[in-house]
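**Student:** structure of the sequence below:
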Amino acid sequence: MTHPSKRIYAITLRKAHSFMKAQGLDPTALLANTELFEADLAEPYNRIREDQARMYYLTLVRLADRDGVGLEIGWLTAISDLGPHGMALLAARTVRESLEKTWELRDNYNVLVDWEYAASDKLLTHTVRCSEPDEQLRTFLIERGLATLQAHAEELIGSTAKPVRVLFDYKSPTDFDQYKKIFRCPLRFSQDKTQLSYPIELFERPIETYDRQAGEVLGALRVSLHEKLSSGGDIVHDVKMALRRAPGKFPSVESIAEGLAMSSRTLRRKLGQHGVRYQDLLEDERRRVAEDLLLNTTMPIQQIADQCGFNDAQNFSHAFRRWQGMTPTEFRNSRN
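**Tutor:** Below is the predicted model:
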């Protein structure tokens, strides 16, 4: 079951998106039925609803139409793909420290899959649980998660990061060469749980990229970013992105508030806490679109006015003169 109120960082989807585009898939088709646009994924810390992420991945596995795509994407996911959070993990002293940092922020990256880890005398075991009802999507999510974990382990401490065993709670695929290549250990399918286990001594293994000063700086940046986003400091960004999705059809404050699961009154109040109003952000976006189209296209003024949400060219010209102190035509000519 997905939770519309739960949100994850857009950076979580970006590796899958770039991978599938490189495979020749139309990004518009990938985003169909998600209410997402390319601009939503371009901003790494834009918040994506969990139900949107599920629909995105469901579309992906249908379009990919082959086994093992989750393994491929997970295996290609580098720690640095997590941005400042990932760089802080690379600067950690030991695997234990890196894992603990990962755990602190897992809900911001983790979607549709629940993780647990436990250390015994001999093993460090990661357990994966996924209640996704669609079998194909469920396999993809588990494959991607486990392959990402293994890729990150090898990035931290090299090829010695070899699991003891991996258990899967689904049937063996017809071709599991990819599984053997990535995990390099005994694989057991049709088990009652999904687990990946490492020798416990890897837990305290030092990380070659450890840098105390870099770790402190990146750690502070990581915490600061997390606190800012968690406290709702990205509400201004959310509204900007909502306005940017459909030039010429800018959504009302009520529509944006509904998409953010809050009342328009609450949205206005939150924006006010950051010293801005919805109308200010709308005006900024209209100006940005106008300047871009005037400088980078030969689009007629009337059409640009339409794209900026104005009823006619005269109202657009009056607004543009207020922004720039000159008419749209004068602005275009002055930059040529």
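
**Student:** now the longest helix seen in the chain: how far from the chain's centre is it?
**Tutor:** Using DSSP state H, we find that the single longest helix of the chain is helix 135-157. A distance of 16 Å separates the centroid of the chain from that of helix 135-157, by C-alpha atoms, centre = their mean, to the nearest Å.

**Student:** show me what counts as buried in that helix.
**Tutor:** Residues of helix 135-157 classed as buried by neighbour count (16 or more other C-beta atoms under 10 Å): 137-157. Where C-beta positions appear, they are placed from N, C-alpha and C, glycine not excepted.

**Student:** kindly report the same for stretch 278-285.
**Tutor:** 278, 281-282, 285.

**Student:** same check, this time on stretch 61-74
**Tutor:** Buried residues in stretch 61-74 (16+ other C-beta under 10 Å): 61, 64, 67-74.

**Student:** and residue 93, how far from residue 158?
**Tutor:** Residue 93 sits 16 Å away from residue 158, going by C-beta to C-beta, to the nearest Å.

**Student:** quick one: which of the two has more around it?
**Tutor:** Neighbour count, other C-beta atoms under 10 Å: between residue 93 and residue 158, residue 93 has more, with 14 against 11.

**Student:** spatially, what comes nearest to residue 40 if we skip its sequence neighbours?
**Tutor:** Counting by C-beta to C-beta, 6 or more residues apart in numbering, residue 46 is the residue found nearest to residue 40 once chain neighbours are left out, at 5.5 Å.

**Student:** ok, now residue 286?
**Tutor:** Closest to residue 286 by C-beta to C-beta, 6+ apart is residue 308, at 4.6 Å.

**Student:** my read: the one you found touches residue 316, true?
**Tutor:** Yes. Between residue 308 and residue 316 there is a contact under C-beta atoms under 8 Å: 6.1 Å.

**Student:** neighbouring contacts of stretch 179-186?
**Tutor:** Contact partners of stretch 179-186, identified using C-beta atoms under 8 Å, 6 or more residues apart in numbering, comprise 71, 75, 146-147, 150-151, 162-166, 173, 187, 196.

**Student:** now flag whichever of the residues you listed is closest to residue 19.
**Tutor:** residue 75 (10.3 Å; C-beta to C-beta).

**Student:** show me what contacts that closest one?
**Tutor:** Per C-beta under 8 Å, 6+ apart, neighbours of residue 75: 147-148, 150-151, 182.

**Student:** could you measure from residue 143 over to residue 173?
**Tutor:** 9 Å.

**Student:** overlap in contacts, the two.
**Tutor:** residue 68.

**Student:** before we move on, back to that, tell me the mean pLDDT over the longest helix of the chain?
**Tutor:** Averaging pLDDT along helix 135-157 yields 92.

**Student:** so where is the stretch 51-200 of the chain shaky, pLDDT-wise?
**Tutor:** Applying pLDDT under 70 to the stretch 51-200 of the chain flags residues 84, 101-110.

**Student:** now the helices for it?
**Tutor:** 69-75, 84-90, 95-104, 106-109, 135-157, 177-183 (DSSP state H, counting those that start in this stretch).

**Student:** TSV for these, including distance to residue 10?
**Tutor:** Converted to TSV, the helices of the stretch 51-200 of the chain look like this (distance: least, C-beta to C-beta, whole Å):
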stretch	distance to residue 10
helix 69-75	16
helix 84-90	13
helix 95-104	19
helix 106-109	11
helix 135-157	16
helix 177-183	26
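
**Student:** which one of the ones you listed lies closest to residue 268?
**Tutor:** Using C-beta to C-beta, the helices of the stretch 51-200 of the chain put helix 106-109 closest to residue 268, at 26.3 Å.

**Student:** residue 43: neighbour count?
**Tutor:** Neighbours around residue 43, by other C-beta under 10 Å: 18.

**Student:** wait, it sits on residue 242?
**Tutor:** No. If you go by C-beta under 8 Å, residue 43 and residue 242 don't touch, sitting 11.9 Å apart.

**Student:** quick check: buried residues in stretch 288-295?
**Tutor:** 289-291, 293-294.

**Student:** quick one: residue 33 is in a strand?
**Tutor:** No. Counting by DSSP: H, G, I helix; E, B strand; the rest coil, residue 33 is located in no strand; its state is coil.

**Student:** what about it, how many residues nearby?
**Tutor:** Residue 33, neighbours per other C-beta under 10 Å, totals 11.

**Student:** please apply the same query to residue 300.
**Tutor:** 10.

**Student:** residue 128 versus that one, what's the distance?
**Tutor:** 56 Å.

**Student:** any idea how many residues pack against residue 173?
**Tutor:** So residue 173, with other C-beta under 10 Å, has 16 neighbours.

**Student:** contact partners for it?
**Tutor:** Contacts of residue 173 (C-beta under 8 Å, 6+ apart): 67-68, 179.

**Student:** ok, residue 111 next?
**Tutor:** 8, 12, 50, 53-54.

**Student:** of those - the most surrounded one?
**Tutor:** residue 53 leads the contacts of residue 111 on contacts (other C-beta under 10 Å) with 22 neighbours.

**Student:** so that one makes contact with residue 12?
**Tutor:** Yes. If you go by C-beta under 8 Å, residue 53 and residue 12 touch, sitting 7.2 Å apart.

**Student:** and residue 262, which of the three is it?
**Tutor:** Taking three-state DSSP, the label given to residue 262 is coil.
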